[in-house]
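Participant: what's the 3D shape of this:
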Amino acid sequence: MRNRNLFYKHVPKKYGINIIEGDLYRGALPPGLSKETRAAFYFNQSPVDEIDIRLEMDLIALQKYVGVLKSTACEHLIYVTKLSDDNVDRVKALLNQSGMAYTIIRISNIVGKGSALMNIFSNLARQRWIILPKEFVTSRCQPIHLLDVCAYLSKIILNADTYGKVFDVGGPEVMTYKEAFERYLDIAKLRKNIMALPGLGKPISVFMGRYVYRFEQDVTAAFMAYMRKDLVTVNDGLAAFYPSIKLAPFHVSLRYALGLP
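Facilitator: Numbers count the residues shown, from 1 in each chain. Next comes the predicted model:
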(Lines give C-alpha, C1' and ligand atoms only; values in the text may rest on other atoms or scores of the structure.)
Protein backbone atom coordinates (compact mmCIF):
# COMPACT_ATOMS: atom_id res chain seq x y z
CA MET A 1 0.00 0.00 0.00
CA ARG A 2 1.49 3.34 -1.05
CA ASN A 3 -0.14 5.49 1.62
CA ARG A 4 -1.49 3.94 4.82
CA ASN A 5 -3.12 7.17 6.03
CA LEU A 6 -4.90 7.77 2.71
CA PHE A 7 -6.21 4.20 2.75
CA TYR A 8 -7.65 4.52 6.24
CA LYS A 9 -9.18 7.85 5.28
CA HIS A 10 -11.39 6.02 2.77
CA VAL A 11 -11.63 2.65 4.53
CA PRO A 12 -12.00 3.06 8.32
CA LYS A 13 -10.07 0.69 10.57
CA LYS A 14 -13.37 -0.66 11.92
CA TYR A 15 -13.61 -2.85 8.80
CA GLY A 16 -10.69 -4.89 10.08
CA ILE A 17 -8.42 -4.55 7.04
CA ASN A 18 -4.79 -4.90 8.02
CA ILE A 19 -2.18 -2.94 6.06
CA ILE A 20 1.26 -4.47 5.62
CA GLU A 21 4.02 -2.38 4.10
CA GLY A 22 7.11 -3.77 2.41
CA ASP A 23 9.82 -2.97 -0.12
CA LEU A 24 9.31 -5.04 -3.26
CA TYR A 25 12.76 -4.25 -4.56
CA ARG A 26 14.36 -5.89 -1.53
CA GLY A 27 12.21 -8.97 -2.09
CA ALA A 28 12.02 -9.84 1.61
CA LEU A 29 8.88 -11.24 3.24
CA PRO A 30 7.20 -8.20 4.88
CA PRO A 31 6.62 -8.60 8.62
CA GLY A 32 3.05 -9.71 9.26
CA LEU A 33 2.48 -11.40 5.89
CA SER A 34 0.90 -14.77 6.59
CA LYS A 35 2.63 -17.78 5.10
CA GLU A 36 -0.85 -19.27 4.72
CA THR A 37 -1.78 -16.68 2.07
CA ARG A 38 -3.56 -18.55 -0.75
CA ALA A 39 -4.36 -15.72 -3.19
CA ALA A 40 -2.81 -12.33 -3.93
CA PHE A 41 -3.43 -9.28 -6.08
CA TYR A 42 -0.91 -7.07 -7.85
CA PHE A 43 -2.31 -3.69 -8.88
CA ASN A 44 -0.14 -2.09 -11.54
CA GLN A 45 0.11 1.63 -10.74
CA SER A 46 2.77 2.61 -13.27
CA PRO A 47 1.75 5.78 -15.10
CA VAL A 48 0.73 5.25 -18.70
CA ASP A 49 3.06 6.52 -21.43
CA GLU A 50 5.90 6.31 -18.93
CA ILE A 51 9.58 6.13 -19.80
CA ASP A 52 11.07 2.67 -20.36
CA ILE A 53 13.05 2.62 -17.11
CA ARG A 54 9.85 2.94 -15.06
CA LEU A 55 8.26 0.07 -16.96
CA GLU A 56 11.32 -2.08 -16.37
CA MET A 57 11.24 -1.22 -12.66
CA ASP A 58 7.60 -2.27 -12.44
CA LEU A 59 8.44 -5.65 -14.00
CA ILE A 60 11.26 -6.06 -11.48
CA ALA A 61 8.84 -5.25 -8.66
CA LEU A 62 6.40 -7.85 -9.99
CA GLN A 63 9.16 -10.44 -10.20
CA LYS A 64 10.17 -9.72 -6.59
CA TYR A 65 6.54 -9.92 -5.52
CA VAL A 66 6.19 -13.36 -7.08
CA GLY A 67 9.35 -14.41 -5.25
CA VAL A 68 7.83 -13.31 -1.94
CA LEU A 69 4.57 -15.14 -2.67
CA LYS A 70 6.47 -18.37 -3.35
CA SER A 71 7.50 -18.40 0.30
CA THR A 72 3.79 -18.56 1.20
CA ALA A 73 1.00 -21.00 0.31
CA CYS A 74 -0.18 -18.69 -2.51
CA GLU A 75 -1.95 -20.57 -5.29
CA HIS A 76 -3.24 -17.70 -7.42
CA LEU A 77 -1.92 -14.26 -8.40
CA ILE A 78 -4.35 -11.77 -9.95
CA TYR A 79 -2.59 -9.02 -11.89
CA VAL A 80 -4.79 -5.94 -12.34
CA THR A 81 -3.90 -3.20 -14.82
CA LYS A 82 -5.42 -0.59 -17.12
CA LEU A 83 -7.12 -1.42 -20.40
CA SER A 84 -4.63 0.99 -22.00
CA ASP A 85 -1.67 -1.11 -20.81
CA ASP A 86 0.30 -2.32 -23.85
CA ASN A 87 2.78 -4.39 -21.81
CA VAL A 88 0.55 -7.35 -21.00
CA ASP A 89 2.56 -9.74 -23.20
CA ARG A 90 5.70 -9.02 -21.17
CA VAL A 91 3.79 -9.54 -17.94
CA LYS A 92 2.40 -12.86 -19.24
CA ALA A 93 5.89 -14.03 -20.20
CA LEU A 94 7.21 -13.23 -16.71
CA LEU A 95 4.31 -14.94 -14.96
CA ASN A 96 4.50 -18.01 -17.21
CA GLN A 97 8.17 -18.41 -16.28
CA SER A 98 7.30 -18.13 -12.58
CA GLY A 99 5.20 -21.28 -12.66
CA MET A 100 2.52 -19.62 -10.52
CA ALA A 101 -1.15 -19.72 -11.52
CA TYR A 102 -2.25 -16.25 -12.55
CA THR A 103 -5.07 -14.22 -14.10
CA ILE A 104 -4.61 -10.85 -15.79
CA ILE A 105 -7.42 -8.32 -15.59
CA ARG A 106 -7.41 -5.17 -17.75
CA ILE A 107 -9.96 -2.63 -16.55
CA SER A 108 -11.59 0.17 -18.54
CA ASN A 109 -12.55 3.49 -16.96
CA ILE A 110 -13.64 2.98 -13.35
CA VAL A 111 -16.51 5.16 -12.12
CA GLY A 112 -16.13 5.74 -8.40
CA LYS A 113 -15.32 8.51 -5.96
CA GLY A 114 -11.71 9.55 -6.53
CA SER A 115 -11.23 7.51 -9.73
CA ALA A 116 -9.18 9.02 -12.56
CA LEU A 117 -12.22 9.46 -14.81
CA MET A 118 -14.22 11.22 -12.09
CA ASN A 119 -11.26 13.45 -11.23
CA ILE A 120 -10.97 14.45 -14.89
CA PHE A 121 -14.68 15.20 -15.19
CA SER A 122 -14.86 17.14 -11.92
CA ASN A 123 -11.82 19.25 -12.81
CA LEU A 124 -13.20 19.99 -16.28
CA ALA A 125 -16.60 20.87 -14.84
CA ARG A 126 -15.02 23.69 -12.80
CA GLN A 127 -14.00 25.50 -15.98
CA ARG A 128 -16.14 28.13 -17.68
CA TRP A 129 -14.94 27.15 -21.14
CA ILE A 130 -13.67 23.65 -21.85
CA ILE A 131 -11.28 23.22 -24.78
CA LEU A 132 -10.33 19.65 -25.58
CA PRO A 133 -8.62 17.69 -28.38
CA LYS A 134 -10.89 16.32 -31.09
CA GLU A 135 -10.23 12.79 -29.77
CA PHE A 136 -12.49 13.69 -26.86
CA VAL A 137 -15.38 13.56 -29.34
CA THR A 138 -14.28 10.45 -31.24
CA SER A 139 -12.51 8.16 -28.73
CA ARG A 140 -14.80 5.65 -27.05
CA CYS A 141 -14.87 4.42 -23.48
CA GLN A 142 -16.71 1.73 -21.52
CA PRO A 143 -17.02 3.02 -17.93
CA ILE A 144 -17.68 0.47 -15.19
CA HIS A 145 -19.03 0.89 -11.67
CA LEU A 146 -16.36 0.47 -8.96
CA LEU A 147 -18.50 -2.06 -7.08
CA ASP A 148 -18.88 -4.15 -10.25
CA VAL A 149 -15.09 -4.28 -10.56
CA CYS A 150 -14.88 -5.46 -6.94
CA ALA A 151 -17.55 -8.10 -7.61
CA TYR A 152 -15.57 -9.52 -10.53
CA LEU A 153 -12.30 -9.54 -8.60
CA SER A 154 -13.84 -11.34 -5.64
CA LYS A 155 -15.32 -14.01 -7.93
CA ILE A 156 -12.03 -14.65 -9.74
CA ILE A 157 -10.08 -15.61 -6.62
CA LEU A 158 -8.93 -19.26 -6.85
CA ASN A 159 -11.17 -19.94 -9.85
CA ALA A 160 -9.06 -22.38 -11.87
CA ASP A 161 -11.12 -21.66 -15.00
CA THR A 162 -9.52 -18.20 -15.15
CA TYR A 163 -5.90 -19.34 -14.71
CA GLY A 164 -3.46 -18.25 -17.41
CA LYS A 165 -6.02 -16.01 -19.10
CA VAL A 166 -6.40 -12.29 -19.82
CA PHE A 167 -9.80 -10.65 -19.33
CA ASP A 168 -10.95 -7.13 -20.19
CA VAL A 169 -13.48 -5.58 -17.83
CA GLY A 170 -15.83 -2.77 -18.82
CA GLY A 171 -19.36 -1.54 -18.20
CA PRO A 172 -22.55 -2.33 -20.12
CA GLU A 173 -22.42 0.81 -22.30
CA VAL A 174 -19.94 2.13 -24.88
CA MET A 175 -19.84 5.88 -25.55
CA THR A 176 -17.48 8.70 -26.52
CA TYR A 177 -15.82 10.72 -23.78
CA LYS A 178 -17.85 13.74 -24.84
CA GLU A 179 -21.07 11.77 -24.40
CA ALA A 180 -19.89 10.48 -21.02
CA PHE A 181 -18.96 13.99 -19.87
CA GLU A 182 -22.27 15.44 -21.04
CA ARG A 183 -24.12 12.81 -19.02
CA TYR A 184 -21.95 13.71 -16.03
CA LEU A 185 -22.89 17.38 -16.43
CA ASP A 186 -26.56 16.49 -16.77
CA ILE A 187 -26.62 14.45 -13.55
CA ALA A 188 -24.57 17.11 -11.73
CA LYS A 189 -27.03 19.74 -13.09
CA LEU A 190 -24.29 21.81 -14.71
CA ARG A 191 -24.18 23.59 -18.07
CA LYS A 192 -20.83 24.10 -19.77
CA ASN A 193 -19.49 25.14 -23.17
CA ILE A 194 -17.38 22.36 -24.68
CA MET A 195 -15.13 22.91 -27.70
CA ALA A 196 -13.19 20.10 -29.37
CA LEU A 197 -10.36 21.38 -31.56
CA PRO A 198 -8.42 19.50 -34.25
CA GLY A 199 -4.66 19.77 -34.19
CA LEU A 200 -4.43 20.13 -30.42
CA GLY A 201 -1.28 18.03 -30.14
CA LYS A 202 0.04 16.10 -27.18
CA PRO A 203 2.40 18.84 -25.81
CA ILE A 204 -0.43 21.40 -25.75
CA SER A 205 -2.88 18.89 -24.29
CA VAL A 206 -0.40 18.00 -21.53
CA PHE A 207 0.18 21.71 -20.81
CA MET A 208 -3.54 22.38 -20.58
CA GLY A 209 -4.11 19.34 -18.39
CA ARG A 210 -1.41 20.35 -15.91
CA TYR A 211 -1.66 24.14 -15.86
CA VAL A 212 -5.15 25.04 -17.09
CA TYR A 213 -7.28 22.23 -15.73
CA ARG A 214 -4.91 21.61 -12.79
CA PHE A 215 -4.85 17.82 -13.08
CA GLU A 216 -2.42 15.92 -10.90
CA GLN A 217 0.45 14.36 -12.86
CA ASP A 218 -1.03 10.86 -12.85
CA VAL A 219 -4.44 12.20 -13.87
CA THR A 220 -2.85 14.10 -16.75
CA ALA A 221 -1.18 10.87 -17.89
CA ALA A 222 -4.51 9.04 -17.67
CA PHE A 223 -6.22 11.85 -19.59
CA MET A 224 -3.72 11.56 -22.43
CA ALA A 225 -4.08 7.76 -22.52
CA TYR A 226 -7.87 8.07 -22.67
CA MET A 227 -7.62 10.43 -25.63
CA ARG A 228 -5.14 8.22 -27.49
CA LYS A 229 -7.38 5.29 -28.37
CA ASP A 230 -10.65 3.53 -27.66
CA LEU A 231 -10.82 1.85 -24.26
CA VAL A 232 -13.35 -0.81 -25.20
CA THR A 233 -13.16 -4.41 -24.03
CA VAL A 234 -12.14 -7.21 -26.37
CA ASN A 235 -11.56 -10.25 -24.13
CA ASP A 236 -14.68 -9.76 -22.01
CA GLY A 237 -15.34 -13.41 -21.15
CA LEU A 238 -16.03 -12.72 -17.48
CA ALA A 239 -19.66 -11.93 -18.33
CA ALA A 240 -20.04 -15.56 -19.41
CA PHE A 241 -18.23 -16.86 -16.32
CA TYR A 242 -20.35 -14.81 -13.92
CA PRO A 243 -23.78 -14.09 -15.45
CA SER A 244 -25.18 -13.37 -11.97
CA ILE A 245 -23.25 -10.07 -11.88
CA LYS A 246 -25.56 -7.47 -13.40
CA LEU A 247 -23.47 -4.45 -14.38
CA ALA A 248 -24.80 -1.07 -13.31
CA PRO A 249 -25.83 1.40 -16.05
CA PHE A 250 -23.57 4.41 -16.47
CA HIS A 251 -26.05 6.88 -14.96
CA VAL A 252 -26.32 4.72 -11.81
CA SER A 253 -22.52 4.58 -11.52
CA LEU A 254 -22.31 8.37 -11.89
CA ARG A 255 -24.90 9.03 -9.20
CA TYR A 256 -23.07 6.68 -6.83
CA ALA A 257 -19.71 8.38 -7.50
CA LEU A 258 -21.27 11.82 -6.98
CA GLY A 259 -22.90 10.76 -3.72
CA LEU A 260 -26.43 11.22 -5.10
CA PRO A 261 -29.41 8.99 -4.23
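
Participant: please make it C-alpha for all contacts and neighbour counts, starting now.
Facilitator: Fine.

Participant: which regions of the stretch 51-200 of the chain lie under the pLDDT threshold?
Facilitator: By pLDDT under 70, the weakly predicted segments of the stretch 51-200 of the chain are 51-53, 197-200.

Participant: for the longest helix along the chain, buried residues please.
Facilitator: What stands out as the longest helix in the chain, according to DSSP state H, is helix 52-69. Neighbour counts over helix 52-69 (16 or more other Cα atoms under 10 Å) mark 55, 58-69 as buried.

Participant: all the helices of the stretch 51-200 of the chain, residue numbers only.
Facilitator: For the stretch 51-200 of the chain, the helices defined by DSSP state H, counting those that start in this stretch occupy 52-69, 88-98, 116-125, 135-138, 146-156, 177-187.

Participant: what sits against residue 183?
Facilitator: Residue 183 makes contact with residue 251 under the criterion Cα atoms under 8 Å, 6 or more residues apart in numbering.

Participant: the domain parsing of the chain - what is it?
Facilitator: The chain is divided into the following domains under automatic domain parsing: 1-107, 109-143+171-232+245-261.

Participant: out of those, flag the one nearest residue 154.
Facilitator: Set against residue 154 and scored by Cα to Cα, the domains of the chain come closest in domain 1-107, at 10.4 Å.

Participant: still on that earlier bit, what angle do the longest helix of the chain and helix 88-98 make?
Facilitator: Angle between the axes of helix 52-69 and helix 88-98 is 30 degrees (criterion: axes from the mean of the first three to the mean of the last three Cα atoms, to 10 degrees).

Participant: what sits up against helix 52-69?
Facilitator: Here helix 52-69 makes contact (Cα under 8 Å, 6+ apart) with 24-29, 40, 42, 44, 46, 91, 94, 98.

Participant: in helices, which of those residues fall?
Facilitator: 91, 94, 98.

Participant: mind putting those residues in JSON lines, neighbour count and distance to residue 18 included?
Facilitator: What follows is the ones in helices among the contacts of helix 52-69, written out as JSON lines (neighbours: other Cα atoms under 10 Å; distance: Cα to Cα, whole Å):
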{"residue": "91", "neighbour count": "16", "distance to residue 18": "28"}
{"residue": "94", "neighbour count": "16", "distance to residue 18": "29"}
{"residue": "98", "neighbour count": "14", "distance to residue 18": "27"}
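
Participant: between the residues you listed, which sits nearest residue 243?
Facilitator: residue 91 (28.1 Å).

Participant: contacting residues for that closest one?
Facilitator: Contacts here follow Cα under 8 Å, 6+ apart; on that basis residue 91 touches residue 59.

Participant: gap between it and residue 161?
Facilitator: Residue 91 sits 19 Å away from residue 161, taking Cα to Cα, to the nearest Å as the criterion.

Participant: cool, and residue 230?
Facilitator: Distance, residue 230 to residue 161, by Cα to Cα: 28 Å.

Participant: one step back: out of the ones in helices among the contacts of helix 52-69, who's nearest residue 146?
Facilitator: Out of these, the member with the shortest distance to residue 146 (by Cα to Cα) is residue 91, at 24.2 Å.

Participant: just the strands in the stretch 101-250 of the chain please.
Facilitator: Using DSSP state E, counting those that start in this stretch, the strands of the stretch 101-250 of the chain run over 102-107, 110-111, 129-133, 140-141, 144-145, 165-169, 175-176, 193-197.

Participant: next, the angle helix 88-98 makes with the longest one.
Facilitator: Orientation of strand 102-107 against helix 88-98 (the same axes, to 10 degrees) gives an angle of 160 degrees.

Participant: pull up the pairing partners for strand 102-107, direction included.
Facilitator: Here strand 102-107 has these sheet partners by DSSP bridges: strand 76-82 (parallel), strand 165-169 (parallel).

Participant: same question for the fifth one.
Facilitator: Each strand that strand 144-145 pairs with, and the sense of that pairing, follows from DSSP bridges: strand 110-111 (parallel).

Participant: quick one: distance of the strand it pairs with to the chain centre.
Facilitator: Relative to the chain's own centre, strand 110-111 is displaced by 8 Å; criterion: Cα atoms, centre = their mean, to the nearest Å.
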